Structures are given as C-alpha cells and as structure tokens.
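>>> Here's a sequence, model it:
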Amino acid sequence: MALIAPRMTAGLPAEDAGKLQRALEGGHDITVFVDGTVHRLTPQARDAVVDLLSRFGRGEAVTVSSVEEMLTTSRAAELAGISHTYLRNMTDRGEIPVEYRGTHRRIRLAAIMAWLDQQKKLDQQKKPAQA
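Sure thing, here's the model as predicted:
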C-alpha cells in the first residue's frame, strides 16, 4: 500500500475540545455540510468522521492520510483472471499503468478494476441484442 499526502493537525484548544466532546457524547446524528449542501455518509465514513472528531474532542493531534493499494503483478493478474505474462505484456504496451519500486512493478488496484470494467463493457457490446 502507498501512503498518500498525510496531513497533521494539532489538537483543539482545551475549551473547544471540551465543547466538541460534550456534543459527541451519546449523539449519533452527524450531519455533514459542504457549501451549504447536506451529505449523507456511509456507515464506515460516518464512523471515521466520528473517530476523528472524538480525537479532536480529547485534544489529540491527528494525522489524516489516504492509502491506495498497490498490487504485485502476480496479484493483479490473479484478480484480473489473466496470466502474469499477459499482464506484464499489457503494462509494457502501456495498456495498464504500472509504477516501479526499484525493479519491481506495482499496479494500482483501481487500474485493474478499471481494466476489468472496460472488458465487461466490451463483452456486452459484442453480445448480439436479444429480442
């Protein structure tokens, strides 16, 4: 996995942290507004936001970052249901983007999923329309 752009933020001042902690106690209704628009979060995203706010409420410093899964060519080929050699040839031709870690190729999970989606669409186009 590759760590992407971590951002560290200092803890809230004690007074603000206390107010936030009291607001979070016993409450499960977390509403997110972005530019005045309400956004409903998935349960996992809600839990992550509540965890972040709870840490701020305790006055803790917080680091937030994204993690993007990087796969070996063997694992990527397994997920795609193709041979390792075929996948390497596709990366050589630039059909699937690849990154190098030293001499080792790594492929983003998102790149493999996008390729699989593209293959499904091509397969659907090839099927004759059924009446």
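>>> Show me where the chain dips below the pLDDT cut-off.
1-7, 26-29, 65-67, 128-131 (pLDDT under 70).
>>> If we go by neighbour counts, what in the longest helix seen in it is buried?
In the chain, assigned by DSSP state H, the helix with the most residues is helix 109-126. Buried residues in helix 109-126, counted by 16 or more other Cβ atoms under 10 Å: 111-112, 115. The C-beta positions use only the backbone N, C-alpha and C, and glycine is treated the same way.
>>> now for that helix, which elements pack on it?
For helix 109-126, the helices and strands in contact under the criterion 3 or more Cβ pairs under 8 Å, 6 or more residues apart in numbering; DSSP states H and E are strand 70-72, helix 73-80.
>>> Give me the residues contacting the next helix or strand after the last one.
Beyond helix 73-80 in the direction of the C-terminus, DSSP states H and E gives the next helix or strand as helix 84-93. Identification of contacts with helix 84-93 by Cβ atoms under 8 Å, 6 or more residues apart in numbering yields 73-74, 76-77, 80, 96-98, 105, 107.
>>> Check those and tell me the two furthest apart.
Farthest-apart pair in those is S74 and P97; separation 17.2 Å (Cβ to Cβ).
>>> Let me see the backbone angles for V62.
Per-residue torsions, V62: phi -130, psi 140 (degrees, to the nearest 10).
>>> follow-up on the earlier one: would you mind giving the contacts of helix 84-93 as a markdown table with distance to T9 added?
Output for the contacts of helix 84-93, formatted as a markdown table (distance: Cβ to Cβ, whole Å):
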| residue | distance to T9 |
| --- | --- |
| T73 | 37 |
| S74 | 38 |
| A76 | 35 |
| A77 | 40 |
| A80 | 39 |
| I96 | 36 |
| P97 | 32 |
| V98 | 34 |
| R105 | 35 |
| I107 | 32 |
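>>> and those as TSV, adding neighbour count and distance to K19?
Formatted as TSV, these follow (neighbours: other Cβ atoms under 10 Å; distance: Cβ to Cβ, whole Å):
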residue	neighbour count	distance to K19
T73	19	51
S74	12	51
A76	26	48
A77	20	53
A80	19	50
I96	21	50
P97	12	46
V98	18	49
R105	20	50
I107	25	46
